[in-house]
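Participant: I'd like to go over a predicted model; first the sequence, then the structure.
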Amino acid sequence: MYRFYLGDLAFPVAPGKVIWKKEGQNEQFTLINQQQSSMIHPPALTEIQFEAILPGQKAPCYGTGVGEPFAMVALLEQMAQEKKPVDFQVVREALPYGRGHRITLMTVTLERFTVIEDAAEGFDLLVKVVLREYRQRATVQKNAPTQRPENKEKPDAYTVKAGDTLWGICRRIQNDGSLCYDVAQKNGITDPDRIYPGQVIYF
């Protein structure tokens with residue numbers, strides 16, 4: 001079973017296919033004596049492409065709660081307008097080779113997305129998403145003042161608001177969205193995707 005998260009957006013239906021595109025940037029050139037040589041460069045940023053259904057109606061194939069599809073599109077539009085990197089996480093559960101689950105976490109930028117509304121699909125929307133790996137540019141500051149890390153106390157509990165996901169709550173408060181499974185178990189939540197406004201989550 002797969003679960004996909006982009007920032008605070010949890011995709012209700014995991015994409016059936018994901019393309020991870022990785023390209024090299026090596027150069028080839030010919031020397032004066034006609035021999036060929038090459039120069040090795042770091043690989044290009046990873047590009048990720050996938051298509052996902054944003055369900056607007058309940059159906060047997062939807063294993064998670066169904067939200068308003070255009071509200072999910074609004075979250076994507078907000079990410080695009082903010083022009084900030086976000087966390088992209090893929091959780092693979094019940095793996096056949098003895099591991100409980102595997103998490104792929106990458107900081108990305110939302111390059112573009114396309115929303116397809118087809119009357120034949122009822123109230124469902126199809127969204128095509130293109131992400132790109134984000135690497136922060138290294139900067140060197142001379143004589144930079146030493147800053148002490150802020151010791152902010154993390155709250156022991158949180159009251160769920162409309163639009164919240166357990167992964168998003170753990171990401172904001174605990175700085176690690178993958179803790180949602182441990183938090184769900186601690187709070188007796190059988191499905192981490194099913195929380196409701198007003199519910200109190202304890203950490």
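Facilitator: That came in fine, so what should we check first? Just so you know, these numbers come straight off a predicted model, no measurement behind them. Numbers count the residues shown, from 1 in each chain.
Participant: burial count for residue 203?
Facilitator: 16 (other Cβ atoms under 10 Å). Bear in mind the C-beta positions are built from the backbone N, C-alpha and C, glycine included.
Participant: residue contacts, it?
Facilitator: 154-158, 173-174, 183, 186 (Cβ atoms under 8 Å, 6 or more residues apart in numbering).
Participant: any idea how far it lies from residue 195?
Facilitator: 14 Å (Cβ to Cβ, to the nearest Å).
Participant: and residue 17, by the same measure?
Facilitator: 28 Å.
Participant: if we can go back for a sec, any idea which of the contacts of residue 203 is closest to residue 44?
Facilitator: Using Cβ to Cβ, residue 174 is the member of the contacts of residue 203 that lies nearest residue 44, at 32.6 Å.
Participant: adjacent strands (with direction) for the longest strand along the chain?
Facilitator: The longest strand of the chain (DSSP state E) is strand 101-117. Strand 101-117 has its sheet partners listed here by DSSP bridges as strand 86-93 (antiparallel), strand 125-133 (antiparallel).
Participant: thinking again about what came up before, looking at residue 17 and residue 195, which is more packed in?
Facilitator: More neighbours surround residue 195 than the other of residue 17 and residue 195, with 19 against 7 (other Cβ under 10 Å).
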